[in-house]
Every structure is written in structure tokens, then in C-alpha cells.
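In: Just a sequence and a predicted model for now, questions to come.
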Amino acid sequence: MRTLVYIELQKIFKKWRTYIGFIAIGVMAPLVQLALYFEGDNYLNFATRSFSDAFLISGNLMNGYLVGNLILSTLFIHIPFLIVLVGGDLMAGEATSGTFRLLITRPVSRFQLLNAKFIAGIIYTISLLCFLMLMSLGLGLLIFGSGELISLRDKIYIFASDDVMWRFFAAYGFSIISMTTVMALSFMFSAIVENAIGPIVGAMAVIIIFMILSVLNIDFLQTLTPYYFTTYMPEWQSFFTDPVDYSGVLKSGLILIGYIAVFYTVALSLFLKKDILS
Amino acid sequence: MEKVIEVKGLTKKFKNLTAVDDLELNVYAGDVFGFLGPNGAGKSTTIRMMLSLIKPTKGSIEIFGKPLKTHRKDILHNIGAIVEKPDFYLYLTAYKNLEILGKTSGCDVTHERIMEMLELVRLADRAKSKVKTFSHGMKQRLGLAQALLHDPDLIILDEPTTGLDPEGMKEVRDLIINLSKEHGKTIFLSSHLLSEIELIASRMIIINKGRTKVEGRVEELLSSDDVKLKIEVDDTEKAINCLNESRWKEFYKGEEFGKLIFDMNKDEVTQLNKFFVENNVGVSAVVPTRSLEEYFLKITGEG
């Protein structure tokens, strides 16, 4: 299995489309940091205007932690689109290029093949998020230094600098589950059709529709919100509250893992029965 | 003789279309087995079922004496195949493609083995080129290399000479014959070209509309006392006049590029030649040909 996963990773990282996500993050994160470097104070004044009269704020607030948090919040909505570019191609790409004929006539089971691809997809997802962490938090700390983190959620949280790093690691850990759900959705679509464009567009469409439906303030639509996996994806934000709502994090995490299991099972059952006609 | 492939009652239906219908075939060890049929006869569907790419609706496939359904992995360890057109990872080099496919086969392919296969198909100098830069013929040759990479006992080739130039076609034919005679490999060769099968195969089957039409040894199936003759004479008009007043009239089928065409028993060729000589018609060439195309069309019911 390790060999198969290694082979799948080689295939993923030899394709130029794999690097679109890395390039996008590699360009966006430094751009945001550059903008904050020059306009950071204005941004901070604007963000804290509602309570700046009541509090005396001092110290290095525009630090690497705040920058890392801002970039994660901003790009979190866009990362799924970078994930589906690869996830949607994992199975359908082989069908489009006709290479399933080569793979399935080898002495590997379809189960092994699908697992190897799924694991490779997860590794890609993790590597993209690690790159995001490096480019946002790592580069942010390098440019802006460290300090206390101000987090604006339902209320204002201020975390001491030695209380922040673990929160980032936990938030990124949860993000891996969120983005793996997105990858699994595109992977499932990818196992159904024989053209990679369909799964990419299909997965994007599902995410956009769920996101739109969940923000529409209509009673009937609000009752459906618990059934959208997108509802649970931003739960990483809980790590920037105090105290952390661990039961909420656990619940959201388990629900997302449940979705991953469903998407994976559907993909597996379809692929095991599928006639390879490409 | 040991059976390598045994297919019984194989049927594949796609909704209302029956692509393969109750097909039976047997391939023996060391055979170069020709699998013939017109386009759409069900050849590729049969091959796909033999390689577990698609599931049969009915029937059984045994390879190396084991049911494919339950011993798929064991069986595929010992099969090399080209299925339809040769598709590869275009963004990878020829070498990398073979390395990946070798590893997927579960065998430890060495650098030497990969280069040996690339040498065999005359692609060693393009080992580091991406496959997207290859012509169809080069991909076809790379397809052969990947099929032979793990040294399988059974090689299934679906139209392996498609897209090759005459020299390439001859090389592939020679390679197939060599693999069979020198290395004892069993070859299952699908083609729609009877002439190709005649040159290479020891046994063959012709199918049409998913059903077996004829199966047996090639020389037996293609040997016939009836021949098609092309006779070149010095005076075509005189020859035709003579023919019209003789018993040879019934064998005369017409004129083609100045040559007279006959369908007749080969034992009577001498008599026909004598007839022309007696009527002062000079015969400069008698070319007996068996009409493979006609035979094929007759068997497949399209003639």
C-alpha cells in the first residue's frame, strides 16, 4: 500500500495543476502581509474602533499571530476551491486519460487502488494547509514578530503570546478535517464520472450552494443548516475563543468525519462495481 | 495440452445491447491465438472481461486453470496486456511510466529491466522524454514494453500494430513470434486483419456480433481448394471471347486492371492454362490468391 500511495503522490505532484493551490497561497499570503505591513495600523484602528474608546490598547498588536489569524480567516473560504482541483481529478483524471486500463489490469485490487488515491488526496490536503500555515503564520512571525493575539469573535479575546501557538496548531488540525471533507466530496464525484471537469465544478457548486443557503435568513432554510457539512467546517475558530468549546469542536469534527466516511463509502461502492469503458 | 484461457458461455449486456453473446474459446499454452472480428464484434469487450475491467453478465473465465472471479490478483500477476489504444501518463517520461507500472504490478523492476524493454521497442533514446511528445506508433511500442515489463506468461494484445508503419508492424510480428517460439509465451492477439493473424497465429477464432463464428487451427481454417486466380494474357479481348464459348465461362468473374479473374478449384488451374495455350492466347502470369477479405466477410456473414 505504501508503494501505491507513493506512486499516487508522484502522479499528483508531477501535474502542474497541483501547484495552482501552492502558487495561489504563495502569492496571496505575502500580498496580504505586504498590505498589512503598510496599512496595518489603519486596519487595526478600523477593526477596534467600536471599543477603542473604552480600552487602552498598547503593545505590538499587528504581529505575526494576528496576521496569521487574518489570513486563515480570509483564505479559509477559498481553500476548498484549490482542494477540489486535485481531489476532482484523482479518479476521473485516470478515466479521461485512459490510464485506468493500465492500472486495473495490474495485480492490485480496486480497493487498494482507491485507498491509495484517497490517502494521497489527504496528504495533498495536509501539505496545502501546512504551506498555508507556513506562508501566513511563519512568514507573519518573521515579518511582524510575535505579541498578544486579539481575536474578534462573538466577543473580544486577547491571548498572551505564549498561549497562541497551540491554538494555531489545533485550528489547522481541525482545518485538515474540514478540507478533507471537501476533498472526499470531490473524490466521490470523481469516482462517478469520467471527466475531471465535472467533479471539480460539481464539488464547487455544492460548497457554494450550501454556503449561500446557510446564510439566508429564511426559517425553512435555517432548519436545514445542520445537514450541510459546510456548517461545521469553520469550527476551527473555536480555538480562538476562551474557553474553547471542546464539545462543539468534537461534535463538528465527528460530523465531518461522518461525511468523509459517507463520501468515501459511496466512491468505493461505485468504483468496485464500475465497468471500465474508458 | 494445457489450457491457459478457458471461456465458457461468456455474455455481456449493456442495457439492451448484447456485446458478447454466449462466447466460448480455449487458448492453449504456447499458442499464438488470433482473435478476429470486424469492428464492433465484441473483441475489446471480451478482452476487457478477461482483464477484469468489466464484469460479465453471465459465463465464466478461467485463466491458468483458476477462475478469474476469485483469483484475479494471482492471474493478473502473470498477464501483460495492451487494451485498445495505448494510453499513458502524458506528463511523465517513458521511463517513469514503466517504473510506475512495474511497481504497480508488484514486481521489483530494475533500471536495467526498464532499459532492456525500452531497447526492445527502440525507445531507449527517448527514455527521458515525456510521453506527450510521442507519436501514436511510439506509444504503441511503449505499450508493448509495459506489457512485457514483468515477464508475464500470457500476453494479451488488442490490435498491437494499429498506427505502426510497415517496418514497425513487421517488428511487432517478429517480436510476437519470438516471444512465442523462443520464450514459450502464450499470446492472445486481437485483430480485425485476417492477413495479420495468418502471418502470426497458430490458432484463431472469428467472432461477430459477440458470437463465435469459427475456431480452429489457422492453416486448417484458411486452407481451401478454392482459389482466386488472376491471369495476365497478351490479348484480353480474344481470351474473353474464347472463354465465353467454353465451360470456363462459369468460373470467369470479370476483368480487373487488364487481368482476368477466376474463382475455381486449384486442381483445374493447369487445365485452364492449357485451354488458353490451345486457343493461341499467350499467358504471361498466373497469380493464385486466396481472398482473405472475402473469406472473412463470408464467415462474419457480411459478404
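Out: Yep, it's here. Residues are numbered from 1 along each chain as shown, chains lettered A, B, ... in the order given.
In: Need the pLDDT of residue 138.
Out: Since no chain was named, I'll use chain A. For A:G138, the model assigns a pLDDT of 92.
In: let's do chain B instead
Out: Looking at B:M138, its pLDDT reads 85.
In: Please work out the residue of chain A nearest to chain B and name it.
Out: Using Cβ to the nearest Cβ, the single residue of chain A nearest to chain B is A:G98, 3.1 Å away. Bear in mind the C-beta positions are built from the backbone N, C-alpha and C, glycine included.
In: List the buried residues in the helix or strand where A:I150 lies.
Out: Here A:I150 is covered by strand A:149-152, with elements defined by DSSP states H and E. Residues A:149-151 are the ones in strand A:149-152 that count as buried (16 or more other Cβ atoms under 10 Å in any protein chain shown).
In: ok, the residue of chain A closest to chain B - how many residues close by?
Out: A:G98 has 17 neighbours, counted by other Cβ atoms under 10 Å in any protein chain shown.
In: do B:D267 as well
Out: By the measure other Cβ under 10 Å, the count of residues near B:D267 is 9.
In: Listing request: residues of the stretch 51-200 of chain B with sub-threshold pLDDT.
Out: Applying pLDDT under 70 to the stretch 51-200 of chain B flags no residue at all.
In: For the stretch 1-150 of chain B, which residues are neighbours of chain A?
Out: Within the stretch 1-150 of chain B, the positions near chain A by Cβ under 8 Å from any Cβ of the partner chain are B:48, B:51-55, B:72-77, B:79, B:81, B:83-85, B:87-92, B:96, B:100-101, B:103-106, B:146.
In: Filter those residues down to the buried ones.
Out: Using 16+ other Cβ under 10 Å, the buried members of these are B:48, B:51-54, B:72, B:75-77, B:79, B:81, B:83-84, B:87-89, B:91-92, B:96, B:100-101, B:103-105, B:146.
In: Inside helices: which ones of those?
Out: B:48, B:72, B:75-76, B:96, B:100-101, B:103-104, B:146 (DSSP state H).
In: list the contacts for the residue in chain B that chain A sits nearest to?
Out: Closest residue of chain B to chain A, Cβ to the nearest Cβ: B:D87 (3.1 Å). The neighbours of B:D87, taking Cβ atoms under 8 Å, 6 or more residues apart in numbering or on different chains as the test, are A:97-99, A:101-102, B:139.
In: same question, A:I104
Out: With Cβ under 8 Å, 6+ apart, A:I104 has these contacts: A:110, A:113, A:276, B:51-53.
In: per-residue confidence for it?
Out: Reported pLDDT for A:I104: 88.
In: What of A:V249?
Out: 92.
In: So the residue nearest to it when sequence neighbours are not counted: helix, strand or coil?
Out: If the residues on either side of it in the chain are set aside, A:V249 comes closest to A:S238, at 5.2 Å by Cβ to Cβ, 6 or more residues apart in numbering or on different chains. Recorded secondary structure, A:S238: helix (DSSP: H, G, I helix; E, B strand; the rest coil).
In: ok, A:S238 touching A:G248?
Out: Yes: the pair A:S238 and A:G248 passes the contact test of Cβ atoms under 8 Å, sitting 5.9 Å apart.
In: need the strands for chain A, in chain order.
Out: A:149-152, A:156-159 (DSSP state E).
In: Just send those strands back as a markdown table, with mean pLDDT and distance to chain B too.
Out: As requested, these are exported to a markdown table (pLDDT from 0 to 100; distance: least, Cβ to the nearest Cβ, whole Å):
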| stretch | mean pLDDT | distance to chain B |
| --- | --- | --- |
| strand A:149-152 | 80 | 43 |
| strand A:156-159 | 82 | 45 |
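In: Nearest to A:I20, out of the contacts of A:I104: which one, please.
Out: Using Cβ to Cβ, A:L113 comes nearest to A:I20 of the contacts of A:I104, at 25.0 Å.
In: count of residues packed around that closest one?
Out: A:L113: 20 surrounding residues under other Cβ under 10 Å.
In: The one 4 residues further on too?
Out: Counted with other Cβ under 10 Å, the neighbours of A:K117 add up to 27.
In: A:V5 versus that one, what's the distance?
Out: Distance of A:K117 to A:V5, given as Cβ to Cβ, to the nearest Å: 9 Å.
In: quick revisit: correct me if wrong: the residue of chain A closest to chain B contacts B:L90.
Out: No: contact criterion Cβ under 8 Å: A:G98 and B:L90 do not qualify, at 10.2 Å.
In: now stretch A:143-155: how far from the chain's centre is it?
Out: Stretch A:143-155 has its C-alpha centroid displaced from the chain centroid by 21 Å (Cα atoms, centre = their mean, to the nearest Å).
In: what sits up against it?
Out: A:33, A:36-37, A:40, A:47-48, A:59-67, A:69, A:156-161, A:164, A:167, A:237, A:240-241.
In: go with 6 Å
Out: A:33, A:59-61, A:63-67, A:157-161, A:164, A:240-241 (Cβ atoms under 6 Å, 6 or more residues apart in numbering or on different chains).
In: Chain B contacts on chain A?
Out: Residues of chain A lying close to chain B by Cβ under 6 Å from any Cβ of the partner chain are A:3, A:7, A:14-15, A:97-99, A:101, A:104-108, A:275-276.
In: Now rank these by neighbours and give me the top one.
Out: Neighbour counts for the residues of chain A next to chain B (other Cβ under 10 Å) peak at A:T105, which has 27 neighbours.
In: isn't it right up against B:M50?
Out: No: contact criterion Cβ atoms under 6 Å: A:T105 and B:M50 do not qualify, at 9.5 Å.
In: ok so, going back, distance to B:E268 added to the buried residues of strand A:149-152, as CSV?
Out: Listed next are those as CSV, based on distance: Cβ to Cβ, whole Å:
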residue, distance to B:E268
A:L149, 104
A:I150, 107
A:S151, 103
